[in-house]
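Undergrad: Have a look at this prediction, sequence included:
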Amino acid sequence: MRHFLIRWIIVAIALIVTVYIVPGIDVTGNGVIAVLGMALILGFMNAILRPILTVLSCGFILLTLGLFMLVINAFTLWLSSQIAMNWFGLGFQVHGFWPAFWGALVVSIVSFFLSLFLKGEGA
């Protein structure tokens, strides 16, 4: 349970950084609820949908030497924002492919570095 909460907080912090850095990704309404809800939805998407997409696009991933994973990450970020907006009424919106692409890249980088920092602290 502790690992889940730490990962959730890491993704939420990465999403906050992404909102401030990437134009085309907006939070409206209660930002804390929107970001925490989006982090939860993104976590479920990464756990359920991303492995399926990775297996289905294995040829593209090999052909592009792994760069197609950025497209898969962008798609999961965009789809998560659509679910957050349309199903749960959360104010987290990604406007198009390029904001999703750059947003997924920022989320990945920030999450990676935060995970390294927290592993160094014994988490």
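TA: All right, it came through fine.
Undergrad: so where is the protein shaky, pLDDT-wise?
TA: For the chain, applying pLDDT under 70 flags the ranges 120-123.
Undergrad: which residues of it fall in strands?
TA: Using DSSP state E, the strands of the chain run over 25-27, 92-94.
Undergrad: Can you tell me which of those is nearest to residue 77?
TA: Closest of the strands of the chain to residue 77 is strand 92-94, at 6.1 Å (criterion: Cβ to Cβ). For glycine as for every other residue, the C-beta is placed from the backbone atoms N, C-alpha and C.
Undergrad: pretty sure residue 39 is touching residue 4, no?
TA: No: taking contacts as Cβ atoms under 8 Å, residue 39 lies outside contact range of residue 4: 11.2 Å.
Undergrad: for residue 61, what are its contacts?
TA: Residues counted as contacts of residue 61 (Cβ atoms under 8 Å, 6 or more residues apart in numbering) are 54, 68, 69.
Undergrad: next one: residue 30
TA: Neighbours of residue 30 in contact, by Cβ under 8 Å, 6+ apart: residue 91.
Undergrad: Name the single longest helix found in this structure.
TA: Determined from DSSP state H, the single longest helix within the chain is helix 31-56.
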